[in-house]
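Colleague: coords please:
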Amino acid sequence: MTAGSRGDVAPFTGLGAGLVAAGHEVTLVTHGRFEELTAGSGVRFHALPVDPRAELHSERGRSLHRSRTGPGRLLRVMTMAKDAAAQMAPGLLAAAENSDALVVSGAVAPLGCTIAEGLGLPSVGVNLQPFYPTGVFPPPMTGTRSLGRTGNRLAGHAVLTLIERIFHDTARDLRTQLGLAPRTLAASRRAHEHRRWPVLHGFSPRIVPRPHDWRPGLDVVGYWWPHDTGRLPADLEDFLAAGPPPVYVGLGSATVPDPDRLSAQVVRALRAAGLRGVVQRGWAGLAATGDDVLTIDDVPHSVLFPRMAAVVHHAGAGTTAAGLRAGVPAVPVPIQFDEAFWAERLTALGVAPCAVPLRGLTTARLADALVRATEDPSHRSRAHALASRLATEDAVAPVDAALASC
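Modeller: Predicted coordinates for the structure are as follows:
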């Protein structure tokens, strides 16, 4: 069970395919627009309502760009998520009624855990971000400024409390529908912590080591790679063959206030750096024209990224993982939510020269970052070394083992 943008869904197609190969019957439960991602994987699909792309392009979605702080964006998105939770709850329950166990992502964990309790089903948590409080770093949803060990932990608990407020009403109604005694989500969370409910995190410990102050049962197991299929379109293959490796520029499921202005800045930066570019439209609606730049729609990152000189992206968890897997330098352009956290990890690991946050992006800053990313060989060598290590990790087996023991 998961919800959110493409990056919140695609990794679970790979996890699902791996569990199918291990002998399980798997159904991916998420927004209907993502059904095509399961094609050829052996994973069944159960559609939920709510189109996240339409929500982000609505007036409420566009208002996110008016928030200048992480907490401000979080408060705005809470209203959107609260409505979505109520709409998705019946579909989550219907899918669970035909299941023997639930694998629940952090995006819907409060509802999934309530349903598992009501139906008497075992469950396992699977997170793509380090949601749980720690003194090691601040909550990824709020930015990268450390508040000290105590402050970081307190901030982490505050974020969990805000998230539980999103799901409070819907979880309460589910408990009534399922005949469960009234209980707050905070009390449910404490009960899970007492039982050491297993939550496996789908990123590599080489990228974010497991915080030493996490409770037992919270583990970092490695990336679940999306079940990517297909080839690159012919016009893209022709473009790649016509010159040196280009730079990929895409913002995935993120949106921007002025896509035309940003597209023009991207093209000017590429040309100032002497680089060709492949620009992915994405949900932001980027577009560029010229002999040295090609605009594309969605293609498998696993096929495209290894052929790039560098990748410029919004530093969402999924695209960050795809770039690391490809072993190419990155220029992160964080926009909102946890993206600044992943951008900081890329720079700290030396696979990116710097981050260029969208709010401060200029043609000159982006061009400078592109030159540094593509001309300093240390970024590519570090990226290649990391990719080689990531390729040895098996992140499906721990989920299979957790299901066997719950």
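
Colleague: which of the residues in stretch 384-396 are buried?
Modeller: Neighbour-count burial for stretch 384-396, counted by 16 or more other Cβ atoms under 10 Å, picks out 386-387, 390, 395-396. All C-beta atoms are positioned from the backbone trio N, CA, C, and that covers glycine.

Colleague: which one of those residues is nearest to P246?
Modeller: A387 (19.2 Å; Cβ to Cβ).

Colleague: excluding sequence neighbours, find me the nearest residue to that closest one.
Modeller: Distances taken as Cβ to Cβ, 6 or more residues apart in numbering put G327 closest to A387, at 3.2 Å, once the chain neighbours are dropped.

Colleague: the one you found and M308: what is the separation?
Modeller: In this view, G327 and M308 are 10 Å apart by Cβ to Cβ, to the nearest Å.

Colleague: list the contacts for A181?
Modeller: A181 makes contacts with R175, as judged by Cβ atoms under 8 Å, 6 or more residues apart in numbering.

Colleague: against R175, how distant is it?
Modeller: 7 Å.

Colleague: equivalent analysis for G230, please.
Modeller: The gap separating G230 from R175 is 43 Å, by Cβ to Cβ.

Colleague: ok, the two, which is more surrounded?
Modeller: Between G230 and R175, R175 has the larger neighbour count (other Cβ atoms under 10 Å), namely 19 against 11.

Colleague: that one reaches L185, doesn't it?
Modeller: No - R175 lies out of contact with L185 (Cβ atoms under 8 Å); the separation is 9.9 Å.

Colleague: now do the shared contacts for those two.
Modeller: Counting by Cβ under 8 Å, 6+ apart, nothing touches both R175 and L185.

Colleague: out of G327 and M308, which sits in the busier spot?
Modeller: Legend: neighbour count by other Cβ under 10 Å for G327 and M308, higher for M308 (23 against 20).

Colleague: what's the separation between that one and G230?
Modeller: Relative to G230, and taking Cβ to Cβ, M308 is found at 17 Å.

Colleague: same question for G32.
Modeller: For G32, the distance to G230 - Cβ to Cβ - is 20 Å.

Colleague: please apply the same query to T392.
Modeller: Relative to G230, and taking Cβ to Cβ, T392 is found at 26 Å.

Colleague: that older thread, show me the contacts for the residue nearest to A387.
Modeller: So G327 contacts 306, 380, 383-384, 386-388 (Cβ under 8 Å, 6+ apart).

Colleague: what's the straight distance from one end of stretch 271-282 to the other?
Modeller: One end of stretch 271-282 sits 22 Å from the other (Cα to Cα, to the nearest Å).

Colleague: pull out the buried positions in it.
Modeller: Neighbour-count burial for stretch 271-282 flags 271, 273, 275-282 (criterion: 16+ other Cβ under 10 Å).

Colleague: how long is stretch 297-308 from one end to the other?
Modeller: First residue to last in stretch 297-308 (Cα to Cα) measures 16 Å.

Colleague: could you shift the numbering so residue one becomes 4, and keep it that way?
Modeller: Yes, from this point I'll number from 4; that puts the last item at stretch 300-311.

Colleague: now it: mean pLDDT?
Modeller: Mean pLDDT, stretch 300-311: 95.

Colleague: that stretch: how far from the chain's middle?
Modeller: Chain-centre distance of stretch 300-311: 17 Å, with Cα atoms, centre = their mean, to the nearest Å.

Colleague: who's in contact with it?
Modeller: Counting by Cβ under 8 Å, 6+ apart, 228-229, 231-236, 239, 243, 248-251, 281, 283-285, 314, 322, 325-326, 328-331 sit against stretch 300-311.
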